[in-house]
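Engineer: Pasting the sequence and the predicted model now:
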Amino acid sequence: MRQPHFTASKWHQQVRGCLLVVFLWSLLPEGVTSAQQPAATDANSLNVEQIAAKTRSALVSISTTGRDGRTQGIGTGFVVDKSGLIATNLHVIGDARPFQVEMSDGRKLRVVAIHASDRKMDLAVIRVAEKDLPPLALGDPSKLKKGAPIVVMGNPHGLKHSVVSGVNSGIREIDGRTMLQLAIPIEPGNSGGPVLDRNGHVHGIVTMKSLVTDNLGFAVDVRMLQALLDKPNPVPIDRWMTIGIIDARDWSPLFGATWRQRGGRILVRDTGRGFAGRSLCLSTKPVPKIPYEIAVTVRMDKESGAAGLVFHADGQNKHYGFYPSSGKIRLTRFEGADVFSWQVLYDQPSEHYRPGEWNTLRVRIEKDQFHCYVNDQLVLTSRDDGFKTGRAGLAKFRDTQAEFRHFRIGNKLDQTTLSPELAAKLNQLIEDLPRLDTLSNAQLKALQENPADSRELLRRQAEQLKERAAELKKISADIHVRSIGDRLNKIFPDQAGAQAADPKDADLLQAALLIALLDEEEIDIEAYVRLIERMVADISKKIKKDANSADKLAALDQYLFQDNGFHGSRFDYYHRANSYLNRVIDDREGLPITLCVLYIELGRRLGLTIEGIGLPGHFVVQHIGDNKKPQLIDVFNEGKRLSRKDAMKLVAEHSNQPFQEDYLKPVPKRLIVSRMLNNLMGLAQQKEDKESMLRYVELMMALDSHSVQSRGMRAILRFETGRKKSAIADLDWFLEHRPENLDLDRIQQMREFFTR
């Protein structure tokens, strides 16, 4: 059951109206319970008992199971189409997690596909093999008045087919989603259940309860479900069960728990089958000859947990473990299945461990000893010789949820933290920094030579020096942005004009991932590149050696749209995540242009010629086949083939501009990246998020430093965010280069204003 968080003051503002409704409801005449409330004016309205009897046959319970076959959770669903479609929450069925669907009469249904799903709205539609199921009718929430009586059906705490009544207390925005607010007790197991009016019509799907009060819950508007039904993205159940699953080519999980991959990270949840919830995930990569090192960066959901490295593992119960546990650093020799065969060799607190943050664990294995490091600081050396060979990997214990990244094995690994010499140098540079409004580009560049290290020290200084925290974080962000700008500039060397020709080796995939890295700083670009290569390999397996371009294109479409359910974003179209290529790959949905970038890059690696076509308001691609004839393709709409007439219609729908032949010209990669940045800029402008706007305009300048418009915008944004000296430098550039059609007197006036 997902739970939104509210501060007390915000909560009071949002639920004041709801509490008034609940208070008035409590003033019903004595003896009138929620199941005996006065009938609505609709002659067809039913009481709670009648609604329960009418709808029970359409309800299902959905139970998820772990690898040991035990039930891990239970939720609710309901039939929405007699052909075998059942609606529920996405979090009820989860990713790659076995689940069973059971009707109220005890019949178990055979799941054949996930007919539709949407992560942002937390909705899923399951398709089962059975037909002629009794569906519930969908209502119109716009006609459900505030204070109207409602009924929720579900399986709270596993108590199947329970009924509870209450009132609709209004509409609320939760995490950017429009939700029905319910004055009703919601418990685990209600998730996915229908919110019914007194005619038995569905108005919402229960998705979360409040953290603040027991008698308040939230439901997804049923119109979001209808949109999903109107435009599904079906994925066969055998394919669905592989989404996010750990790649067996890289890892071998042991002892249960749920190990998943998301780009460059390994995530683990659920309790392992081993004693104390132990579960392992061993790398398939062979360890080098001694001496060698293993390392990983780990973050746990709570400090009472335990998760970290294992080495010298025999693939069963024997191995060493080096990991944080309940706030201490522990080294253990595991010689069997239970605690009586475990030998704790070290268990002490460490000043180098950072609770609640990412921590890097490293073990250096030598002939007669091994050294254990936390954040590159030696915490212990052991000469224990219980095991001398074996595999390396990851471990978790108890009910810990943990994330791992940057797992490495090698004879000598680079340190992830600063050397004392570099730390001293950067600390001195930081100490010598002036206030932000007098910071020069030269001073910033000195820190930019080691961007990641500089940013880490700046963050630490910000914690110690609270009065300068805001400014130091801004400087840290500038280093991050400029380092990305440098990388982007290597892909697209600066030339006059954003329309400049692309270098032959311009890497659109890297450029698009750099845009994502701008806002999602923890993504691993190389991991996503490898993921793309594996996607290409999977597609290639289905392509015959003598295949022509049409065959390859068909295989690409089959893989993306039929096998894996990639689709255009239906909800929250303007959410930033839809512009991040890594999120499009992870969530399988996005904006037209981001989906097109993925399509272009997969196609290029398959030997296809696919070009971007920048129709106003709706980006598409064109494929140049063996016959050299271009075919327009709408990737946003699952690869729909477009005629010229279709393209003209799209232009008319998305813009007020008359159709122009230039719209059908291929868009250079540089301009595709610029358009992606413009999309993000538009979103930031709507929210008046000036720091984000400045980030995006900095990358625009990396693409085209001669742009008068971008430089002017950057000057203003720098000034408004406190970067006065840098803003003046931009104005001085105008005065020095004197671009045509620019009012230099106005620039001089701005400069004088900036220097006050």
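Structural biologist: Alright, I've got the coordinates.
Engineer: quick one, helices of the stretch 201-350 of the chain?
Structural biologist: Under the criterion DSSP state H, counting those that start in this stretch, the stretch 201-350 of the chain contains helices at 222-230, 237-240.
Engineer: in the stretch 501-650 of the chain, which spans are strands?
Structural biologist: Secondary structure of the stretch 501-650 of the chain (DSSP state E, counting those that start in this stretch): strands at 567-568, 589-590, 609-613, 620-624, 630-634, 640-642.
Engineer: Same list (these) but as CSV, adding mean pLDDT.
Structural biologist: Formatted as CSV, these follow (pLDDT from 0 to 100):
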stretch, mean pLDDT
strand 567-568, 92
strand 589-590, 92
strand 609-613, 96
strand 620-624, 97
strand 630-634, 96
strand 640-642, 96
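Engineer: partners of the biggest strand by length in the chain, with directions?
Structural biologist: If you go by DSSP state E, the chain has its longest strand at strand 162-174. Note on strand 162-174: by DSSP bridges, its sheet partners are strand 149-154 (antiparallel), strand 177-183 (antiparallel).
Engineer: burial count for Met208?
Structural biologist: 23 (other Cβ atoms under 10 Å). (Each C-beta comes from the backbone N, C-alpha and C, glycine too.)
Engineer: same thing with Pro234?
Structural biologist: 17.
Engineer: Over to Asn199?
Structural biologist: Neighbours of Asn199 using other Cβ under 10 Å come to 14.
Engineer: cool, Ser382 as well?
Structural biologist: 17.
Engineer: you'd agree it is up against Glu366?
Structural biologist: No. Contact criterion Cβ atoms under 8 Å: Ser382 and Glu366 do not qualify, at 10.7 Å.
Engineer: residues of the host helix or strand of Asn427 that come out buried?
Structural biologist: Using DSSP states H and E, Asn427 maps to helix 420-431. Going by neighbour count (16 or more other Cβ atoms under 10 Å), the buried part of helix 420-431 is 422, 425-426, 429-430.
Engineer: Widest-spaced pair of those residues?
Structural biologist: Spanning the widest gap among those are Leu422 and Ile430, at 12.2 Å by Cβ to Cβ.
Engineer: from what I can see Arg711 touches Met701, true?
Structural biologist: Yes. Under the criterion of Cβ under 8 Å, Arg711 makes contact with Met701 at 6.6 Å.
Engineer: For Val195, give its distance to Gly166.
Structural biologist: 10 Å (Cβ to Cβ, to the nearest Å).
Engineer: Which residue of those two possesses the greater neighbour count?
Structural biologist: Shown here are Val195 and Gly166; by other Cβ under 10 Å, Val195 has more neighbours (30 against 22).
Engineer: Beta-bridge partners for that one, please?
Structural biologist: Val152, Gly204.
Engineer: Model confidence at it, what's the number?
Structural biologist: Val195 carries a pLDDT value of 94.
Engineer: can you pull the contacts of it?
Structural biologist: 150-152, 168, 180, 182, 202-206, 219, 222 (Cβ atoms under 8 Å, 6 or more residues apart in numbering).
Engineer: Kindly recompute the last result at 7 Å.
Structural biologist: Contact analysis of Val195 by Cβ atoms under 7 Å, 6 or more residues apart in numbering lists 150, 152, 180, 182, 202-204, 206, 219.
Engineer: Give me the mean pLDDT for the longest strand of the chain.
Structural biologist: 83.
Engineer: Would you mark the buried spots in it?
Structural biologist: 162-170, 172, 174.
Engineer: out of those residues, who's nearest Lys629?
Structural biologist: Ile174 (49.0 Å).
Engineer: can you point me to the longest helix in the chain?
Structural biologist: For the chain, the longest helix by residue count, based on DSSP state H, is helix 469-491.
Engineer: Who are the packing partners of it?
Structural biologist: In terms of contacts (3 or more Cβ pairs under 7 Å, 6 or more residues apart in numbering; DSSP states H and E), helix 469-491 is packed against helix 441-448, helix 451-464, helix 508-519, helix 690-703.
Engineer: rewinding a little: please identify the most buried of the helices of the stretch 201-350 of the chain.
Structural biologist: helix 222-230 (a mean of 18; mean count of other Cβ atoms under 10 Å).
Engineer: outside of that helix, which residues touch it?
Structural biologist: Looking at what lies outside helix 222-230 - Cβ under 7 Å, 6+ apart - the contacts are 80, 87, 116, 118, 121, 123, 125, 138-139, 141, 202-205, 570-571.
Engineer: can I see the domain layout of this protein?
Structural biologist: As given by automatic domain parsing, the domain ranges for the chain are 8-28+45-237, 251-410, 419-459+471-480, 508-673, 705-754.
Engineer: Now do the same contact list for Thr389.
Structural biologist: Neighbours of Thr389 in contact, by Cβ under 7 Å, 6+ apart: His312.
Engineer: any idea how far Tyr320 is from it?
Structural biologist: Thr389 is 11 Å from Tyr320, by Cβ to Cβ.
Engineer: Now for those two: what residues contact both?
Structural biologist: With Cβ under 7 Å, 6+ apart, Thr389 and Tyr320 have common neighbours His312.
Engineer: Need the residues that contact the helix holding Asn427.
Structural biologist: 446-447, 450, 453-454, 457-458, 461.
Engineer: Output the strands paired with strand 162-174 in TSV, with mean pLDDT and mean neighbour count appended to each entry.
Structural biologist: Below are the strands paired with strand 162-174 laid out as TSV (pLDDT from 0 to 100; neighbours: other Cβ atoms under 10 Å):
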stretch	mean pLDDT	mean neighbour count
strand 149-154	88	25
strand 177-183	85	22
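Engineer: For those strands, please prepare TSV with the additional fields distance to Ala652.
Structural biologist: Formatted as TSV, the strands paired with strand 162-174 follow (distance: least, Cβ to Cβ, whole Å):
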stretch	distance to Ala652
strand 149-154	42
strand 177-183	29
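Engineer: For Glu403, which of those is the nearest?
Structural biologist: Closest among those, using Cβ to Cβ: strand 177-183, at 24.8 Å.
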